[in-house]
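K.L.:
Show me how the following folds:
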Amino acid sequence: MGLSKDKFVQPGAWAIIWCKASSSVLMAKRSAKGRSGGVWNFFGGRIDSKEDPRTALVRELSEEAGLSVKAKKLVKLKRLEASKSDSRKNAKSRDLFFYLLTVDKELAPRLNHEHSDFFWFKQNKLPQRFNRPTSIAIDCGVLDKARARH
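P.N.:
Below is the predicted model:
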């Protein structure tokens with residue numbers, strides 16, 4: 001039995017920002033005033049209609065982190081189709097795209113109103129609370145794929 005159409009929402013794209021020098025991943029903490037306040041996530045978000053995932057992610061990185069990134073620098077790590085992106089009963093599903101952005105050294109993003117903090121985490125010392133796309137990414141091994149490329 002497939003998911004009904006009303007269970008699908010706009011697809012999204014997220015960046016696993018990996019620092020080669022420290023073998024750490026950049027995460028942002030959602031602002032308490034916004035949706036999912038206080039949880040940690042990868043930078044990214046919804047893909048607008050007629051936008052491809054890389055273009056959407058370039059836009060999201062600029063909006064959320066003040067980063068100017070060329071689309072060709074984003075290496076595709078994984079795509080999860082909506083029907084496989086979340087197995088929770090009654091959960092809305094969407095296509096999820098995860099990309100790797102490698103940086104030479106840790107940088108400090110310019111956060112917008114959506115986030116209140118950021119931190120560079122070692123993979124074995126991640127925080128406990130994530131938004132749903134970040135949790136799904138970690139559960140399906142996206143961080144392992146990112147680390148394996150370095």
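
K.L.:
Give the bridge partners for L100, please.
P.N.:
I16, V75 (DSSP bridges).

K.L.:
For it, give its distance to D52.
P.N.:
The spacing between L100 and D52, counted by Cβ to Cβ, to the nearest Å, is 17 Å. Every C-beta, even on glycine, is put in place using the N, C-alpha and C of the backbone.

K.L.:
what does G12 give?
P.N.:
From G12 to D52 the distance is 13 Å (Cβ to Cβ).

K.L.:
got it, and K145?
P.N.:
21 Å.

K.L.:
When those two are compared, which one has more neighbours?
P.N.:
K145 (16 against 12; other Cβ atoms under 10 Å).

K.L.:
and that one, which of the three is it?
P.N.:
Recorded secondary structure, K145: helix (DSSP: H, G, I helix; E, B strand; the rest coil).

K.L.:
from memory it sits against K76, does it?
P.N.:
No: shown here, K145 and K76 do not form a contact pair, counting by Cβ atoms under 8 Å, at 10.1 Å.

K.L.:
what's in contact with the helix ranked longest in the chain?
P.N.:
The single longest helix within the chain, with elements called by DSSP state H, is helix 53-65. By Cβ atoms under 8 Å, 6 or more residues apart in numbering, the surrounding residues in contact with helix 53-65 are 11-15, 28, 43-48, 51, 67-71, 74, 97, 99, 101, 109-112, 114-115, 118.

K.L.:
Let's see the PyMOL selection covering just the buried ones among the residues you listed.
P.N.:
Those of those that count as buried under 16 or more other Cβ atoms under 10 Å are selected in PyMOL with:
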select buried, resi 11+12+13+14+15+28+43+44+45+47+51+67+69+74+97+99+101+109+111+114+115+118
